[in-house]
Every structure is written in C-alpha cells, then in structure tokens.
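Engineer: Pasting the sequence and the predicted coordinates here, then a few questions.
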Amino acid sequence: MKFSEFLRRKINFKMIRNIVLFLGLIVLTFWFVFKDQDPKELISVITSVQFPYVLLGLVFMFFYFVMESYNVKCILRVLKDKRISIFKALKFTFIGYFFSAITPAATGGQPVEIYYMTKENIKGANATLALLIQLCGFQISTLTFGLVSAILNPGLLKDGLLFFFLLGFAINGFALAIMLICVFSKRLTEKLSNFLMKLLKKLKVSDLETKKSKIQSSISQYHESSLFIKSHKFEFVKSILRVFVQIVCYYMVPICVYQSFGLEGYSILNLFSMQAVLYTMVSGLPLPGAIGVSETIFLSIFGVAFGETLIGGAMLLSRIISFYFFVLLSLVVVIITAIRKKKVQGEIDLTVLDIEQSLS
C-alpha cells in the first residue's frame, strides 16, 4: 500500500472516530436533558410554533455563513490572490464549519479549510491570513458582546453561572491575547515559542523538531499578518465589523424562537444579551460543538424567558436551527466536494499532514 493511501485511510478513520464521539455526545446530552420529559408533550410544544419565525431563524443562520464567506473573499481580494465567487467561499466556510463542529475546541476546521482553499490555487499563506483575521474578529466580537451584556444584565450570572462566564471569558481572552501577541510582537512570540519548546521537551513529547518547524512557520505567518494589518488598517477594521454583523445574525436565533412561540415580556435586547452571555461561556470549551454544555446553560439562562413548559422545546429548536441543521448541511457539502474532487495518486503535502494532526 502506498503511503499516500495509508495516510488518507488514517485521516478517514480519525474523522469517523470524531463523528462517533460527536453523535455520542448528542445522544448523551439529550438523554440527560429530556429523560424526565414526556416525548408527546415535547413534540406538541415544538409543533405549536409559528413556522415563519423558524424560517427566519434559518435565514439569519444562513447569512451568518454568508458573512464569513464574504469576509474571507474580501480579504483575499485585498491580498491580490485568486478572485473567488461567494459560492466557492461559502463552500470553504461550510467545510471548515463541519470539521470545527466534530473536533474538540474547533481545532480541525481551519487546517481542512486551508487545505481545500489551496487546492483551488489560493496561496496557503493568504488563506491562513484570511482565516486568522476572521478568527481575531470572532474573538473580539464574542468578548465585546459578552462583556457588555454581562455588565448591563448582571442578573444573568446567577446560580453559579458567573464561574462559567469568567472561565469562558478567560479562555477566549487568552486565545485573543496570544493571537495579538503573535501578530504584533515578534520578540514576545519567540519567547513564548522557546518556553513552549522547553515545556514539550520536559514532557518528553516525540518529534520535537517537526513541531519546532511548524511553530516557526506559524510565527512567520503571524508576522506576515502584522505587516498586512499595518499597511491595510482600514480593510482590517472593515473585516472586524463584518464579523460583528455575522455574530449578530447568530445571536438572533433564540429571538426568532421566542417569537415563534408567540411570547411577550422580554425585549430583543434582553434575549440578545442572554445569547451573548451564553456564547461567551461555551465557545472556548474543548468539546465538539460545545455539545452538552450549550444545551444545559441554555436551560438555565433562557428558562425565565420561556418558562418551565416551553424551555425544553425552545432549547431543542434553537440548537437545531443554530447548530445541528447546519452541521448536517455542511456534511453534505463535504461529501459532495470529496466526490467531485479529483484524487491525485502519490501526492503528499504538508497541508494533508496538518489535517491528519488536527483530527488527532
């Protein structure tokens, strides 16, 4: 068997393993949440909703993906790379979303997305830079909305939720700080790199030279990001603002679900704040799709808005619209892309190796 074929089989095995873990978490979560609820009552609650609002929620989520795709497309255009259509950019976004959903802390999405982008003759460095800027904007918007919402609505952080908020804020804040340090301070980045290598050596991690090479390559890419940001400040700000619009689309889903039940009493701003706080708590956790934690915290935060009778159905509907439906859709995109993609025999590149490692 050729090494290329062996590697592809290894990647496929790890992807299947992650999907099995993903499905297992879903089953365990919904068993825990709904084990004491009458299935007929749950079905009755969900079928009582006004479908136009459900459809509106799906539209908001679709625009969530469109905004990310458009942002990446615009950054690549500024970099004078290959011009791609919004549909092709959307394909990359869905592929990245699927692999992010099935890997812990969404670590698998970007390497696979970059891989497919390079197969469309987009420079790997530019693809990495575009996704890095997108990720920076995502962290900035998540932290901003979360912090403002917590300050304006401190009552949301009761019953032990303050701990989860501080943990989520710290994880996201730390990730953003590391990215900004790597982008803007080469000296601090090198110190962090040396510290990491010493730590890995003490832990007796194998293949240190390969890892050192990858870290140095990443530092070089971050430095390129710094040069881009300094010479395209206005374009960078515009890209961050587009991510804010993207996040707003995502946060509108529970609001649409609330309206679908014909409920009143909580304003759009109240519900938006609830979702912003919730997402700050769960987005940095090392679980595929934050499954389990997202559902549980949704019950705690939105329980006052939906009431005891509707909250189970509201949580299920919200997660279907904002997550499960689009994971399924992105899987379809991945399968269609894989079928259409020509197989190049005997070709092994570093990006494929990145995919293999990202699924570990």
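Structural biologist: Structure's in. What do you need? Numbering: from 1, shown residues only.
Engineer: List the buried residues in stretch 92-112.
Structural biologist: Residues of stretch 92-112 classed as buried: 92-103, 106-112 (neighbour count, 16 or more other Cβ atoms under 10 Å). C-beta: built from backbone N, CA, C; applies to glycine.
Engineer: The stretch 151-300 of the chain: helices as residue ranges?
Structural biologist: All helices of the stretch 151-300 of the chain, identified by DSSP state H, counting those that start in this stretch, fall at 161-184, 186-202, 208-231, 233-251, 253-260, 268-282, 293-319.
Engineer: Quickly compare those and say which is most buried.
Structural biologist: The highest mean neighbour count among the helices of the stretch 151-300 of the chain, using mean count of other Cβ atoms under 10 Å, belongs to helix 253-260: a mean of 24.
Engineer: Now do the phi/psi pair for Gly292.
Structural biologist: With angles defined as degrees, to the nearest 10, Gly292 shows backbone torsions of phi 100, psi -60.
Engineer: Would you state the predicted confidence (pLDDT) at Val293?
Structural biologist: The predicted local confidence for Val293 comes out at a pLDDT of 84.
Engineer: Chain neighbours aside, what residue packs nearest to it?
Structural biologist: Closest residue to Val293 apart from its sequence neighbours, by Cβ to Cβ, 6 or more residues apart in numbering: Val282 at 5.1 Å.
Engineer: Also Leu285?
Structural biologist: Val293 (5.7 Å).
Engineer: I'd like to know the average pLDDT value across stretch 128-146.
Structural biologist: When pLDDT is averaged along stretch 128-146, the result is 91.
Engineer: CA atoms only for stretch 91-98 - export them in PDB, please.
Structural biologist: The C-alpha coordinates for stretch 91-98 follow below in PDB (Å, rounded to 0.1, in the frame of the first residue of the first chain):
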ATOM      1  CA  LYS A  91     -18.200  26.000   0.200                       C
ATOM      2  CA  PHE A  92     -15.000  26.600   2.100                       C
ATOM      3  CA  THR A  93     -16.900  28.000   5.100                       C
ATOM      4  CA  PHE A  94     -19.200  25.000   5.300                       C
ATOM      5  CA  ILE A  95     -16.300  22.600   5.100                       C
ATOM      6  CA  GLY A  96     -14.500  24.400   7.900                       C
ATOM      7  CA  TYR A  97     -17.600  24.500  10.000                       C
ATOM      8  CA  PHE A  98     -18.200  20.800   9.800                       C
END
